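1. Following is a predicted model, sequence given first.
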Amino acid sequence: MGKKIKTLTLFNALFYVNNYILIVLTNAFGLEGIVALWFLTPFILILFTTLLLEIKKERLPRSVKRLAVLDFALRCIVLIINFIVLSELILIPFVYLIGLGMIFMVLNIYIEWKMYKQLLSIPIEDELTKQEIDDVIKDYTNDKTIMVGKPPAERKEINAAFHTLTYAGYSMLLTFLLIVGSILSFSIFEEKGRLVIMVITFLLLAIYFYLTERKLQLFYMDKKCRQKISIRDNLTFLIGLSIIYILQGYIHIGTGTFNFLGFFIALLFFIPTFQTNQFIKENFNHVNKQHINRKKS
């Protein structure tokens with residue numbers, strides 16, 4: 001668990017350093033050219049700071065979960081303030097903006113230090129090393145020695161863990177194509193290509209929903225729980241994707257502009273799906289770690 005906190009602290013530092021660079025560049029050159037593209041980077045970096053939010057509640061003390069939410073909320077506040085000021089919706093001297101960012105950064109570092117101290121006592125026995133993951137995948141795709149001597153129930157559990165992870169991986173790839181592909185396509189082909197883009201989008205969505213259904217069928221044995229998660233993930237996914245498509249496919253199409261705040265708000269709706277995929281990854285680690293430990297003993 002300490003490794004996750006260290007990774008979080010690293011991305012937190014990158015988020016703030018990147019913000020300082022963006023403020024200096026905007027002050028010097030304005031939001032034009034490369035600086036306008038750089039304006040998107042804080043919205044991307046902040047998504048890498050949700051590591052603890054994606055962990056199941058049962059695996060974290062309530063106090064740590066609350067600190068994780070506060071830690072992420074502070075970065076969101078900084079992001080929104082920077083967006084408003086750098087877009088000149090509110091005029092504040094840039095030196096004050098940098099000073100405010102430093103105060104929030106210190107607060108984030110303190111919160112992450114508090115979480116680190118609390119989590120040191122929590123062992124994470126289910127995490128696989130990179131070498132173990134490579135060995136497990138290689139074994140499963142080639143010899144399947146991990147299945148030898150296992151009762152049917154355990155073989156079924158191992159198969160389900162591999163297949164759900166595969167479906168989750170393909171669905172994440174489609175998510176990337178639906179988001180990034182649409183933004184690039186709308187900017188390149190503009191209104192004349194909108195119909196074709198929407199047709200391709202519906203086809204990709206059909207594949208995405210199929211993969212999601214297969215993924216959830218294997219992962220959640222309880223039908224009511226599966227339906228609840230399916231409705232939540234698919235609905236929030238559609239809302240987030242719709243925001244992006246309305247902004248870039250209708251409001252901003254052909255203008256050469258991009259709504260960064262709208263894009264960030266849309267990405268927040270993808271968090272439930274990312275969280276489900278994180279649970280699937282944790283289950284994959286848990287199932288295979290058990291069998292690796294038995295083999296060692």
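-> Looks like it arrived, so ask away.

2. alpha carbons only for contacts and neighbour counts from here, please
-> OK.

3. Could you look up the SS state of Ile92?
-> Assigned by DSSP: H, G, I helix; E, B strand; the rest coil, the conformation of Ile92 is coil.

4. Next: Thr175.
-> When classified by three-state DSSP, Thr175 comes out as helix.

5. pLDDT-wise, which helix or strand of the chain ranks last?
-> Here the helix or strand of the chain ranked lowest by mean pLDDT, DSSP states H and E is helix 130-141, holding a mean of 73.

6. buried stuff in that helix?
-> Neighbour counts over helix 130-141 (16 or more other CA atoms under 10 Å) mark 133, 136 as buried.

7. got it, and stretch 50-57?
-> So stretch 50-57, judged by 16+ other CA under 10 Å, has buried residues 50-55.

8. how much distance is there from the least confident helix or strand of the chain to the middle of the chain?
-> On the basis of CA atoms, centre = their mean, to the nearest Å, helix 130-141 sits 24 Å off its chain's mean C-alpha point.

9. domains of this structure?
-> Per automatic domain parsing, the structural domains of the chain span 2-119, 130-296.

10. rank those domains by pLDDT, which is bottom?
-> For those, mean pLDDT drops lowest on domain 130-296, to a mean of 83.

11. give the contact list for Val64.
-> Val64 makes contact with 115, 118, according to CA atoms under 8 Å, 6 or more residues apart in numbering.

12. for the helix or strand hosting it, the distance to its chain's centre please.
-> Using DSSP states H and E, Val64 sits in helix 62-86. In terms of CA atoms, centre = their mean, the centre of helix 62-86 is found 16 Å from the chain centre.

13. What ranges does the chain have for its helices?
-> Under the criterion DSSP state H, the chain contains helices at 2-29, 34-38, 41-45, 62-86, 94-119, 130-141, 152-176, 182-189, 194-219, 223-246, 260-268, 271-296.

14. Output these in JSON lines; the columns should cover distance to His252.
-> Below are the helices of the chain laid out as JSON lines (distance: least, CA to CA, whole Å):
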{"stretch": "helix 2-29", "distance to His252": "22"}
{"stretch": "helix 34-38", "distance to His252": "15"}
{"stretch": "helix 41-45", "distance to His252": "18"}
{"stretch": "helix 62-86", "distance to His252": "18"}
{"stretch": "helix 94-119", "distance to His252": "28"}
{"stretch": "helix 130-141", "distance to His252": "43"}
{"stretch": "helix 152-176", "distance to His252": "20"}
{"stretch": "helix 182-189", "distance to His252": "9"}
{"stretch": "helix 194-219", "distance to His252": "12"}
{"stretch": "helix 223-246", "distance to His252": "8"}
{"stretch": "helix 260-268", "distance to His252": "11"}
{"stretch": "helix 271-296", "distance to His252": "25"}
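
15. how many other residues sit next to Asn285?
-> Here the number of neighbours of Asn285 (other CA atoms under 10 Å) works out to 19.

16. Any figure for the gap between it and Ala161?
-> 9 Å (CA to CA, to the nearest Å).
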